[in-house]
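Engineer: Curious how this folds, go ahead:
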Amino acid sequence: MISLGLGLGARRPHTASEGTLRRRSLRKRLASAFAAFALAVPLACAAPLPGSEDKTLRVCDDPNNMPLSNAKGEGFQNRIAQLLADQLGWKLEYTFFPQRMGFVRNTLRARDKEHDRFKCDLIMGVPVGFELASATQPYYRSTYVMVFKRGRGLDDVKTPEDLLKIDPAKLKSLKFGLFQQTPPTDWLLRSKLIDQAVPYTQQSADPAEYPGQMITRELAQDKIDVAFVWGPIGGYFVKSARPGEYAVVPFKPEPSIQFDYPIAMGVRFGEKEWKAEVERLLTQNRGAIDRILLEYGVPLLDDKGEPMTAPR
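Structural biologist: Model prediction:
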């Protein structure tokens, strides 16, 4: 820059037109130089994608949280992780930790000192707006549901509002299982049924506990009459039971209580290239991901909040 600037003060006299032409030429050369520099810098500074050195997709997940994931690879998040690894042409590895308090600190943010890298690079399921990681674009949207046994006087209940229309004496006799501080709590409050709620802790200290036990144990053993659970959990365990044993009734989106949530994947803050690559894979494999979710009985909603029965 300085040497070029000094060149403008050359001693040989010029005509006005010659000086103007030389200054224009100089500006063009400078503009070209700056453009080349601007293009080169991002390429030079771009960090390699996590896992690209040894071609390994390292996933952070829960070892006992069916139908989402388990250590045997039986959950839909396990299936989707394998799909993404196959698309990348990489192998798949897990860091398992119960998805409770401390999950992100012990997985996505934890260092593997032996190999000088993070333990894992992708959380398979976080809500949009998650504060502890950078959420990708959502790859599915689901809603809370109510689950009950058939043949117990509730077979005509096709919507949550239908439950409120049954015989008042029957309604007052029911016990409603739900996880604390979830949307069905607000619904029971609004419906003046909260006194019949049987609350369960969402994050048990026992790693052997899993959310689906509200259906497989509490509802199955008649400790409760209706279970209010997150849709993927209810849909899966109803589908896994004997045909016709249980009914699952989803909550529709409404303005006063949010029952439906878009779910994304989570990466570390600042890893923009990795986030963009994950989003590319999600977009490219949208139909295949939908098929996996529907296979597991996940009640999917489209962008308008309407139920999905087929892949996009």
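
Engineer: domains for this structure, by residue range?
Structural biologist: 56-140+262-295, 141-250 (automatic domain parsing).

Engineer: which other helices and strands contact the longest strand along the chain?
Structural biologist: In the chain, with assignment by DSSP state E, the single longest strand is strand 140-149. Contacts defined by 3 or more CB pairs under 8 Å, 6 or more residues apart in numbering; DSSP states H and E place strand 140-149 against helix 183-190, strand 226-230, helix 231-240, strand 246-250, strand 260-267, helix 286-295. Where C-beta positions appear, they are placed from N, C-alpha and C, glycine not excepted.

Engineer: all helices in the protein, in order from the N-terminus.
Structural biologist: 2-7, 16-45, 76-88, 103-106, 160-163, 168-173, 183-190, 213, 231-240, 272-284, 286-295 (DSSP state H).

Engineer: rank those by mean pLDDT and give me the bottom one.
Structural biologist: Ranked by mean pLDDT, the helices of the chain bottom out at helix 2-7, with a mean of 29.

Engineer: Let me have the domains of the chain in TSV, extended by distance to Ser256.
Structural biologist: Formatted as TSV, the domains of the chain follow (distance: least, CB to CB, whole Å):
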stretch	distance to Ser256
domain 56-140+262-295	19
domain 141-250	8
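
Engineer: Relative to Lys304, which of those is closest?
Structural biologist: domain 141-250 (10.2 Å; CB to CB).

Engineer: what about that closest one, start to end distance?
Structural biologist: Criterion CA to CA, to the nearest Å; first-to-last residue distance in domain 141-250 is 13 Å.

Engineer: again, but for stretch 132-141
Structural biologist: This stretch, stretch 132-141, spans 20 Å end to end (CA to CA).

Engineer: so Phe130 sits right up against Ile263, yeah?
Structural biologist: No - Phe130 is beyond contact range of Ile263, at 9.7 Å (criterion: CB atoms under 8 Å).

Engineer: Would you mind telling me which of these two has the busier surroundings?
Structural biologist: Using other CB atoms under 10 Å, the more surrounded residue of Phe130 and Ile263 is Ile263, with 23 against 16.

Engineer: what sits against the more buried one?
Structural biologist: 125-128, 138-142 (CB atoms under 8 Å, 6 or more residues apart in numbering).

Engineer: Quick check: it vs Glu74, distance?
Structural biologist: For Ile263, the distance to Glu74 (CB to CB, to the nearest Å) stands at 19 Å.

Engineer: Assess the claim that Pro63 and Phe96 are in contact.
Structural biologist: Yes - Pro63 lies in contact with Phe96 (CB under 8 Å); the separation is 3.9 Å.

Engineer: if I pick Ile123, what's in contact with it?
Structural biologist: Going by CB under 8 Å, 6+ apart, Ile123 touches 59-61, 104, 107-108, 133, 265-267.

Engineer: Not counting its neighbours along the chain, what's nearest Pro307?
Structural biologist: In space, and not counting its chain neighbours, Pro307 is closest to Leu301: 6.4 Å by CB to CB, 6 or more residues apart in numbering.

Engineer: correct me, but the one you found touches Asp260?
Structural biologist: Yes - between Leu301 and Asp260 there is a contact at 5.6 Å, judged by CB under 8 Å.

Engineer: So the two - more neighbours on which side?
Structural biologist: Legend: neighbour count by other CB under 10 Å for Leu301 and Asp260, higher for Leu301 (21 against 18).

Engineer: can you tell me which residues contact the more buried one?
Structural biologist: By CB under 8 Å, 6+ apart, the contact set of Leu301 is 141-143, 253, 260, 307-308.

Engineer: Reformat the residues you listed as TSV; add pLDDT.
Structural biologist: Below are the contacts of Leu301 laid out as TSV (pLDDT from 0 to 100):
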residue	pLDDT
Arg141	98
Ser142	98
Thr143	98
Pro253	95
Asp260	97
Pro307	95
Met308	95
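
Engineer: just the residues you listed now: which is nearest Lys239?
Structural biologist: Ser142 (14.0 Å).

Engineer: And for the closest one, the neighbour number?
Structural biologist: Ser142: 23 surrounding residues under other CB under 10 Å.

Engineer: what's the nearest residue to it if we skip its chain neighbours?
Structural biologist: Closest residue to Ser142 apart from its sequence neighbours, by CB to CB, 6+ apart: Gly231 at 4.1 Å.

Engineer: sorry, back to before: could you pick out the buried ones from the contacts of Ile263?
Structural biologist: 125-126, 138-142 (16 or more other CB atoms under 10 Å).

Engineer: center of the chain - which residue?
Structural biologist: By CA atoms, centre = their mean, the mean C-alpha position of the chain lies nearest to Ala264, the distance being 2.6 Å.

Engineer: ok, so what distance separates that residue from Arg242?
Structural biologist: Counting by CB to CB, the separation of Ala264 from Arg242 is 34 Å.
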